[in-house]
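Undergrad: return atomic coordinates for the entry below.
(chains A and B)
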Amino acid sequence: MSKKSINKITSTAVPLREENVDTDQIIPARFLKATSREGFGENLFRDWRYNSDGSPKKDFVLNNPTYSGRILVAGKNFGCGSSREHAAWAIKDAGFDVVVSSFFADIFKNNALNNFLLPVTVSEEFLQGLFTTIQKDPKAMITVDLEAQTISNDAAGRTEKFEINNYKKTCLLNGYDDIDYLLSIRSEITTFEKAHT
Amino acid sequence: MAKTLFEKIWDRHVVKTIEGGPSVLYIDKHLIHEVTSPQAFKGIENRGLEVFRPHQIVATADHNVPTIHQELPIKEELSRVQVQKLVENCKRHHIELYGLGHPYQGIVHVIGPELGITQPGMTIVCGDSHTSTHGAFGSIAFGIGTSEVEMVMATQCLMQSKPKLMRINVEGPLGKGVVSKDIILYIIAKISASGATGYFVEYAGSAIRNLSMEARMTICNMSIEMGARGGMIAPDETTFEYVKGREFAPKGAEWDRKLAEWKELYSDKDAKFDLEINIDAAGIEPMITYGTNPGMGVSVGGRIPTSADPKALTYMGLQAGTAIKGKKVDYVFIGSCTNSRIEDLRQVASFVKGKKKADNVEVWVVPGSKQVEQQAIKEGIDKVFEAAGFNLRQPGCSACLAMNEDKIPAGKYCISTSNRNFEGRQGPNARTLLASPLTAAAAAITGEVADIREFI
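TA: Next up, the predicted model:
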């Protein structure tokens, strides 16, 4: 997957009001058989999005042409369950660069960050405000500014700061991977090994 | 300064810490399987790298393997290719693989402990959230994503921020028919499916200390189901006794040296936790879930809460305020990294011996590993299951995540000893009720949700 840096994103958003969205919903296990990172987007939320005969479920938000954008807004405890990184790949592959929720599961958050998919944790109140704004006007713009660590619900005139580890922020802004850094200190790792065996 | 068990192990594995950022954590053992590793292998190959420490990696095929006729080629093409890729990748990168047909093959979290690969004081990772299982030995063990699998392959390290620490003390004797699965389902029901997110949990107290290693593994296994990164239990004589003599356990003078180290692995008296929870073991009854996350659980004799999530109940076809006991079930699944060890099979067999399954249920018993399977055969447990009408299958993750052909049909109810009751987890629209092996065994015989205490 081509990775890219993230900075400021202004976009409409797709609202998914569900809470406790687990990674089995994001991408069911039976779609984890591929050996590459690409193509998981088509099975994103597979069983919520499609009937068993493959026809789209009309009432699911991703099938509603009213909503689109690069930001997914979801209920609290998003990404719980399995460690499958395929969940982050599927969301990214489906065209999202940001997921907003009031609470993220740990492993999902790491997986997202490692794929330049920005998880933005907001207060429950701000989250509900976003849902209200999007419901009123699906074309409402949301702005996420990583440098400033802010998310703005422009229509409601609300802006909130969000937390992100400084190291991760630098990685995302500059397009660095953890692995690049770790590779750069392999000699220190070898020294550590010698001292600890 | 007083340290927790977690801190003692963590501090020993920090290569360096980035100011205001994460630490570089050294990983002792890396377990891999067919589903979350192929993209990682591809990643390091694309970078032109070799695997940094291939002898610290152990591989097995478990998630996606059939549980009948493992000697035949895998029928489904994508699954076959995925398992074959693991074989090729391990060969190319000189990684020990206990693949299909190998006497050590099995669920990754079953084989690590039974082979003595899992040891106290280690850092252990695997591209699977139930890696927390290994914490039962007093190790820091947690699940990682595929990008992190790639990092460990490339450098034997991960960038990790130190989690908050929680201790859960379970004190007192357990009631009749109550086993370790009930303890963990009770804890998750109490603190919710996200109640430990951001924490690493240490389980302590007399009720934990009195458990066998298998039972401790069940508890640590489900730590992730309350959001915890991992769970751990301080090693003690029970732990040392279990590890001693196993295939990859230290031997001779090395054993003595390690044992002395391991005996230092406990939380100091004045060690500080960010949160402590105390639980009276006497209040724990046999548990069962009614909803679509593992926190939605009640005692088997209880009623579905009136406050239960309506969407979950609609999916499950259950009503708030009603009793769950007596609910007819269609399938019983005894298996998964939570409850597929020899002790689990023994417990089920001792209850089932001389009984027959109910006509309305299909019962699948999937042992956690080839070694568990062989031991069951040696003890005649296979014959007990056969006589009861149970279907004893071959090792793998099976219907826990229904990635292979072992799927529960849409709308059907399955009492399962696994760890997740998410929508569709055991197959599209399958309905999962999580319970202990004993409660599952009682359901197999009666054909409905039953209270094991009425039968023992």
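Undergrad: list the contacts of B:L165.
TA: Neighbour list for B:L165: B:T4, B:F6, B:E7, B:Y199, B:F200, B:V201, B:E202, B:K272, B:F273, B:D274, B:L275 [criterion: CB atoms under 8 Å, 6 or more residues apart in numbering or on different chains]. For every residue, glycine as well, the C-beta is placed using N, CA and C.
Undergrad: among those, who's most crowded?
TA: Within those, neighbour counts (other CB atoms under 10 Å in any protein chain shown) peak at B:V201, which reaches 31 neighbours.
Undergrad: mind checking how far whichever strand or helix holds it is from the chain centre?
TA: Under the criterion DSSP states H and E, the helix or strand holding B:V201 is strand B:199-204. Strand B:199-204 sits 16 Å away from the centroid of its parent chain (CA atoms, centre = their mean, to the nearest Å).
Undergrad: ok, residues contacting the helix or strand that that strand is followed by?
TA: Downstream of strand B:199-204, the next assigned helix or strand under DSSP H and E is helix B:206-209. With contacts defined as CB under 8 Å, 6+ apart, helix B:206-209 is touched by B:V170, B:E171, B:G172, B:P173, B:L174, B:I183, B:R216, B:I219, B:I233, B:D236, B:T238, B:A281.
Undergrad: tell me the residues of the stretch 201-350 of chain B that contact chain A?
TA: Proximity of the stretch 201-350 of chain B to chain A, by CB under 8 Å from any CB of the partner chain, involves residues B:I224, B:G227, B:R229, B:N293.
Undergrad: which SS class is the last one?
TA: When the structure is split into helix, strand and coil by DSSP: H, G, I helix; E, B strand; the rest coil, B:N293 lands in coil.
Undergrad: thought it was touching A:D22?
TA: Yes - counting by CB atoms under 8 Å, B:N293 does reach A:D22; the two are 7.0 Å apart.
Undergrad: common neighbours of these two, please.
TA: Listed as contacting both B:N293 and A:D22 by CB under 8 Å, 6+ apart are A:C80, B:R420, B:F422.
Undergrad: residue in chain B nearest to chain A?
TA: The nearest approach of chain B to chain A comes at B:G21, 3.0 Å away (CB to the nearest CB).
Undergrad: where does that residue sit: helix, strand or coil?
TA: Here B:G21 is recorded as coil under three-state DSSP.
Undergrad: which stretches of chain A form strands?
TA: Counting by DSSP state E, one finds strands in chain A at the ranges A:8-11, A:13-16, A:71-74, A:98-101, A:118-121, A:142-145, A:150-153, A:158-161.
Undergrad: so which elements touch the last one?
TA: The helices and strands touching strand A:158-161, judged by 3 or more CB pairs under 8 Å, 6 or more residues apart in numbering or on different chains; DSSP states H and E, are helix A:124-136, strand A:150-153.
Undergrad: out of the ones you listed, which is the most enclosed?
TA: strand A:150-153 (a mean of 20; mean count of other CB atoms under 10 Å in any protein chain shown).
Undergrad: packing partners for it?
TA: Other elements packing on strand A:150-153 under the criterion 3+ CB pairs under 8 Å, 6+ apart are helix A:124-136, strand A:142-145, strand A:158-161.
Undergrad: pull the residues that contact it.
TA: A:100, A:120, A:122, A:126, A:129-130, A:133, A:140, A:142-145, A:158-162.
Undergrad: ok so, going back, which one of the shared contacts of B:N293 and A:D22 is nearest B:V348?
TA: B:R420 (20.3 Å; CB to CB).
Undergrad: I'd guessed that closest one sits against B:T432; true?
TA: Yes - contact criterion CB under 8 Å: B:R420 and B:T432 qualify, at 7.4 Å.
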